[in-house]
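Participant: how does the following fold in three dimensions:
(chains A and B)
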Amino acid sequence: MLEITGLVKVYPGPVAALQGIDLDVPLGMFGLLGPNGAGKSTFMRILAGLLEPTSGRVTLDGLDVLDRPEWLRERLGYLPQDFGFYGHLSGRDMLLHLLRLKGVSAPGGIAKLADELLERVNLSFAAKRSVKSYSGGMRQRLGIAQAIAGSPRLLIVDEPTAGLDPEERLRFYHLLAELAEERIVLLSTHIVEDVAVLCPSFAVIRHGRLLAKTTPRAAREAIEGRIFEGVVSPSELPELRASRHVTQELLVEGRHRVRVYDPAGAAPAGFGPVAPTLEDAYLVLMRTGALPGLRAPQRPAVAEAVKA
Amino acid sequence: MNIARTFEVFRQEFTHSLRRPLFWVQMLLLGFMVFMLSTGHASMQSGDARVGGHKAWLTSEFAVAQTLIMLISIIYVFFVSVAAGMAVIRDDEQKVGEIIHSTPLRPSEYVWGKYLAVLASFLGVLVLQVGFAILCNHLLPHGSNADYIGPFSAGNYLRPMVVFAIPTLVLFTGACFAIGGFSRLPVLVFAFPIGVLLLDAFFLWDWSPAWLSPGVNRLLQFADPTGLRWLKETWLLVDRGVDFYNHARLELDPLVITQRIVVLALGLGCVALYQRRFSTQLRGAKVSERQREAALAATPNAPDPDERPEVPAPLASLGMRATTPGALATMLEVARTELRQLVRAPGLYLFVPLILIQTLLNEYGVGAFDTPLLNTAGGLATGMMNTLTLLICMVILFYTTESLQRERSSGIGAIYYATPLRTAAMLAGKAAANTVLGMAIVFACFAGSLVVLLVQGKVPLDPAPFVVVWGLLLVPTYLVWTTFVSAVYAATSNRYGTYATGLAAMILTGWFQMRGNMNWVFNWDLWSATRWTDIATFQYDALPLVLNRIAWLGMAVFFTVLTLRLFERRERDATSTLVRLRPGALAGALASLSPFLVVPLVAGSVLGWQVNEGFQGAAAKKARLDYWRKNIQTWKDAPTPAMAGADLDVRFDPPRHAFTMKGSYLVENTTDAAMARFPVSYNPRWKELEWTANAAPCSTEARAGLLIVTPPRPLAPGDTLRLGFSYSGRHPDGISKNGAYGMEFIMPSSIVLTGFSGTDFVPQLGFFPEKGIEKDKNGSDPREWPKDWWKSPRNHAIFPSATRWYDVHMRVDVPADLQVNATGECVSEQVAKGRRVTEWRTDHPVRIFNLVAGKWVVKKGPGVAVYYDRRQPYNVDDMLAALEGARRWYGEWFGPYPWKMLRLSEFAGWPTYAQAPAGNITFSENIGFLTRSKPDADAAFWIAAHESAHMWWPNIAMVADGPGAPVLSEGFAHFSALLLTRQVRGERQREAFAKQMETRYGRLRRADSERPLVLLDGSLPGDDRIWYDKGGWALWMLDRFMGRDSSLAGIREYFRTYRDSQDPAALENYLAIQRRHAADTTSFDGFVDQWFFHVVVPHYLIDEAKLERDGKAWKVTAEVRNVGTGTMTVDVAAASGERWPDERKKAPAWKDARVPLTLAAGEGRPVTIRCGFEPERLVIDPDVTVLMLERNKAEVRLVPEPEGAVAAR
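Facilitator: Residues are numbered from 1 along each chain as shown, chains lettered A, B, ... in the order given. Just a heads-up that it's a prediction; the model follows:
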């Protein structure tokens, strides 16, 4: 279990990137959703031992990892959002270098392991090419390969599917799912579909605060019967936006297929009820700050959260 | 090009430059230096040192030009390399290229906008610097420095800025900008300033031996991008006097104008070249048709729809595990990866050749008399230390910073630092990899040194000195510097902050060195702190070197710990940082670091205490000052008895630099009045000091190093007294301040001591008012002597107690492995129980005595012997020939040599000098023994001939302590050496020797403070060069003027007169005697008046030389001017062939047709020479018989043309 208690991060400015996060992450896949600038990456970097928090506590299996980051790193696989590699090395050499730095071993030797990992992420064909020549997606896959190496206890992946094509994304989903059976996988993303597909539970963060911690099913059920879909003309759209919570808009043959949320369950004229998606639930949460029927996580007082 | 977009790029880059710490550090450094210069903490080398004498203004155009050039070449260049070189690289690292180049911004606008911003920022720095200099020089009040500040003239600042500073800045910024853009490699950018420094500071600026041809010299002036060589060679080589430099405008010639334009164009051209490349590369690299076809052929076919993808096995089947890798494994892995980067980067392949070239250039280093020195392994090892230190420290600064920055720059930091690798192991791995580069450079230097020794051929290849010097002394410097740079980076996590701090540290270190404020404690880089001697390796400096290295290695450990504590693997939280900076937390942190400061603090404190207590420390300084303060009013000019005999029994303990003395002087009252008391100078640091008079206790008063002896009854005129003394002493007594060496010393392998120079070995009769004077604190203008001072019968001899002859008896006890040479002849020698005891008695009285010991082999000739270290036999035969020639020819020309033997002994080469007490010449190993003689420059012979001449001048014919008298000693020795060289080695050698003397005089004379030969007393800078070189020349010319027989007759009379006289000679005495032998006293008076009683030196130039056919013959016409002073008759010769052809080559024989010409100062006259052969050149004074300035300009090549000839130099 990964337990986060009262995590606060204030940057000089001052900018409060995290305003007291309390979260328990069980074994398996756990998603962290939030818009850009919500504090997801800050949160991930603190957990990965790359950023010192202002205050708070993080334990993994009962051990404080903020005090002992070196203990955590032995059990960590990390794929950051923004990263690079040594341009002068080939993909294989780069991976080998990282395997050695991580102290990874395998029955057949790490050279063979490197080849197999590259095979898993579909990079065998470019193993011997210089990383400088890799596309963005190829670098992402190499990053995934190094993150999963060594069978880490905690795997943190920050926006992992950015730059991957649909086929690669699917391959990655399978990989993550396989990994999540025996470890904690913390997936940070702003792509709701990733969470919907992979995560039995997730949390939503905005402006450094936790808005919700729930499951996809519970999130959808919270807005069951409150999502309606209809088609409106472009001229009607502004008024609809002004009077309703519009969760999605799609332009189809010149007209807007729109989904709206009504807390009271009253559908606008011409709109019919539809099964809510997780995306609807997420957008409702972003707009209203809460999902009906779901208890919002307790926020600790900021004064308590700041260490003396 | 769109001006608005270009300006926008310019604006963004310019404002960024102004915000960087690099900019402000540079401003602070420059401001500091400008202020220090302005307030007199740096001085120019021209001008009259006397009170009220003209001083060289810091504000003259010449001075401002030099200052600007030096600052730009040594300080600006490093900051420029970082700012300009990184301008494009920085955008790459920040990944802004994709976005900004997707805008309408064109490549040319981007490149020029960025470059002009960088250039503008440095021009701004330059303007601010010059503005601050104007403020400091002309607006701030000046106290003691006021004489060095002239009136304000804007042109004095603006013209050097425009001519020298700006083109050099344009070149440096343009070149660095282009290098950074082309390569995208930071380390390559930093090669540029290193290359500039190596090329300019170590070669182009100063290398100008007399034999360098004018054409090559001009080429080198053109090649120097800073313009300093042109300035030096054209305007500063020959001192024109401070009035000239203070007021004259710096006139430019076509060469420098062209050169500055070319420099400017090169800088802009580099940028233009890069812009073209950038434009073509921006939208991707193009491939050839062949590459295109090959790539298309390799494209895979469309997938088979029936093919199903393999289902991969579960991940668990891979059996992966992860543990923390071991420290050594991590270190090796990191080092391996870093090395791979290193070998791919061009830096390695640039620095190694650079240092190789520099090492090989050292082949042409010049020594005494402008001759190359024999390179020895030890000499090369220590000689290259400064260059290696500077180069490798610069490389370490850049490589270490870039290595630590690499993870951030490449973007892998987040992944890298999230792995379990240990931080210490990672840092160690990076340091190990960077060490390889340092070692590669050192090895290249070593290889180059071996090549130098191989090519030279004479000296054996010996790697031991390299291992000792570079291994024990240099490697700790690198460790200290590497750990310091790492600690700074760890503290700042900022690449530019690290560069700024590192550069500032290096520059400030250099500043303190230059100002003489450095000492052993803080000399972390051992800059110029040690010298090699084969004879006594590190015996002088062993203690301070060891303590220094221990202290700084301790600091390296401290910096390492600091690095580990501060290295920001995890970004710091600002609040937590503030918490950590609270006094309590800070105290705790410092306390935890304090154990690592114990070693450096203890070693440093011990070393500091040693420096303070040493012979250059505060205590010694105070002792010297107290001697002067306490006694100057009372004992200056007090009557002193003369030495009538010396009896010394001395035992040496060389490992402790110690000796015990028991001896006595027989002193005689040679004055007309009784002496109730008399002064004796002694060393107040001697221990167990006891004095006796006639073997009985005597009344003495100790006055801070001056003993006042009161004999039992006053010493009547003619009476003698035996003054006994016993004491123990050390020499050197303690360590130096920062690597200085004394003239005399006691070392396990070499001892050299004299009885006439200071009170380090024996007491000296009398009080010496010049001791204790610090020139900058209580120095005074030279004494003005009465014109007839030399007529007084009461003049003292130039050496204390050398007025009359006396006998010396010495008993010397040394360890058995040492041999001794002392004044006189060895009358007994016993070796027992590890000690050698020799007894010496003078076979003929002497006036001064000395003692030297070493581990020698000996080569003998009739009545002569050379004692030398067996490892340095190279020039022994030449020295022996000079000694033999001296005994024979000086004896025949001047007077008989009275002693049985003439010995020459070698001592360890810390100081570089030779000295010639009676019969026992001492030579430093760096004089003569290690000179590399050329066919036309047998310096070993010359120096031995000079020192041998001192047996006569002044050991036998003693000279007075007064103005001009040193000419009779050193000038006469040089003159004698010229005679002997011609006699034994031939006219060619004589001419070469004369030219060397002339060149040295011309370069080192100070036009404003040069005095006539009869007034030279050593109190003004440059006096010694004049009495050696000009004195020697003047006596040589006088000899020619009088004719050989008359001159020799006069010399012999002089010798006879002063051989036994107790009234030592003055120069006027010598000239008066010679006048009696002159055929024409009127001409003699005219000659002597201008060369001895005035300051003259001709300076001939040839203009409008033409060569034409004259029937079957040739006619040369030219205008010859004397732009110097003095009136002399010189031969002007039209000549062809080689004057001194090489026997191995078939060169045409020398032919000349000549006419005599007499030109007064400022006079010019046409000459016409007809010759029956086609001349190649027109030469003034082909036989090198008249002293002149810039002899190389008194010769022109002649090239006939159909309608006439054009002279070319």
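Participant: list the contacts for the residue of the stretch 501-650 of chain B found nearest chain A?
Facilitator: Of all residues in the stretch 501-650 of chain B, the one sitting closest to chain A is B:Asp573 (4.0 Å; Cβ to the nearest Cβ). Just so you know, the C-beta spots here come from the backbone N, C-alpha and C atoms, and that holds for glycine as well. By Cβ atoms under 8 Å, 6 or more residues apart in numbering or on different chains, B:Asp573 lies in contact with A:Lys9, A:Val10, A:Leu51, A:Glu52, A:Pro53, A:Thr54.
Participant: which one of these sits closest to chain B?
Facilitator: Comparing the contacts of B:Asp573 against chain B with Cβ to the nearest Cβ picks out A:Glu52 as the nearest, at 4.0 Å.
Participant: residues near the closest one, how many?
Facilitator: Using other Cβ atoms under 10 Å in any protein chain shown, A:Glu52 has 19 other residues around it.
Participant: check contacts around it.
Facilitator: Contacts of A:Glu52 by Cβ under 8 Å, 6+ apart are A:Ile46, A:Leu66, B:Arg570, B:Glu571, B:Arg572, B:Asp573, B:Ser576.
Participant: pick the one among those residues closest to B:Gly718.
Facilitator: Nearest to B:Gly718 among the contacts of A:Glu52, counting by Cβ to Cβ, is B:Arg572 at 88.8 Å.
Participant: by neighbours, which of the contacts of B:Asp573 wins?
Facilitator: Within the contacts of B:Asp573, most neighbours by other Cβ under 10 Å means A:Pro53, with 27 neighbours.
Participant: could you measure B:Gly891 against chain A, distance?
Facilitator: Remark: distance between B:Gly891 and chain A (Cβ to the nearest Cβ, to the nearest Å) = 77 Å.
Participant: which residue packs closest to whichever residue of chain A sits closest to chain B, ignoring adjacent ones?
Facilitator: In chain A, the residue that lies nearest chain B is A:Gly84 (2.3 Å; Cβ to the nearest Cβ). Excluding its sequence neighbours, the residue lying closest to A:Gly84 (Cβ to Cβ, 6 or more residues apart in numbering or on different chains) is B:Gly411, at 2.3 Å.
Participant: contact residues of the stretch 601-750 of chain B facing chain A?
Facilitator: For the stretch 601-750 of chain B, no residue is in contact with chain A (Cβ under 8 Å from any Cβ of the partner chain).
Participant: okay, B:Met44: pLDDT?
Facilitator: Per-residue pLDDT puts B:Met44 at 42.
Participant: an error on my part: the question was meant for B:Thr419.
Facilitator: 92.
Participant: identify the residues contacting it.
Facilitator: The contact partners of B:Thr419, taken as Cβ under 8 Å, 6+ apart, are A:Arg73, A:Leu98, A:Leu101, A:Lys102.
Participant: widest-spaced pair of those residues?
Facilitator: Farthest-apart pair in those is A:Arg73 and A:Leu98; separation 12.3 Å (Cβ to Cβ).
Participant: which element is A:Arg57 on?
Facilitator: strand A:55-60 (DSSP states H and E).
Participant: and the residue of the stretch 501-650 of chain B closest to chain A, what are its phi and psi?
Facilitator: Note on B:Asp573: backbone dihedrals following degrees, to the nearest 10 are phi -90, psi 130.
Participant: and what of B:Leu707?
Facilitator: For B:Leu707, the backbone dihedrals (degrees, to the nearest 10) come out as phi -100, psi 130.
Participant: go on, A:Gly91?
Facilitator: Torsion angles at A:Gly91 (phi, psi; degrees, to the nearest 10) stand at phi -60, psi -40.
Participant: what about it, neighbour count?
Facilitator: Around A:Gly91 there are 27 other residues, counting by other Cβ under 10 Å.
Participant: quick check: pLDDT value at the residue in chain B that chain A sits nearest to.
Facilitator: Residue nearest to chain A within chain B: B:Gly411 (2.3 Å; Cβ to the nearest Cβ). pLDDT recorded at B:Gly411 is 87.
Participant: which ones are touching it?
Facilitator: Residues in contact with B:Gly411, defined by Cβ under 8 Å, 6+ apart, are A:Asp82, A:Phe83, A:Gly84, A:Phe85.
Participant: in which helix or strand would I find the third one?
Facilitator: In other words, A:Gly84. A:Gly84 is part of no helix or strand, with elements assigned from DSSP H and E.
Participant: just give the closest residue to A:Leu240, not the sequence neighbours.
Facilitator: Once flanking residues are discounted, A:Leu240 sits nearest to A:Val232: 5.9 Å by Cβ to Cβ, 6+ apart.
Participant: that neighbour against A:Gly254, yeah?
Facilitator: No: counting by Cβ atoms under 8 Å, A:Val232 stays clear of A:Gly254, with 11.5 Å between them.
Participant: more crowded one of those two?
Facilitator: A:Val232 (21 against 7).
Participant: over to that one: give its phi and psi.
Facilitator: Per degrees, to the nearest 10, the backbone of A:Val232 is at phi -130, psi 160.
Participant: cool, and the one 3 residues further on?
Facilitator: According to degrees, to the nearest 10, the main-chain angles of A:Ser235 amount to phi -70, psi -20.
Participant: what does B:Ala1135 give?
Facilitator: Here is the backbone geometry of B:Ala1135 (degrees, to the nearest 10): phi -140, psi 160.
Participant: do the same with B:Val858
Facilitator: Per-residue torsions, B:Val858: phi -130, psi 140 (degrees, to the nearest 10).
Participant: not counting sequence-adjacent ones, nearest residue to it?
Facilitator: Leaving out its chain neighbours, the residue that sits closest to B:Val858 by Cβ to Cβ, 6+ apart is B:Tyr867, at 5.1 Å.
Participant: what about the one you found, helix or strand, and which?
Facilitator: strand B:864-868.
Participant: same for that strand, what does it pack against?
Facilitator: Secondary-structure packing of strand B:864-868 (3 or more Cβ pairs under 8 Å, 6 or more residues apart in numbering or on different chains; DSSP states H and E): strand B:857-861, helix B:876-885, strand B:902-907.
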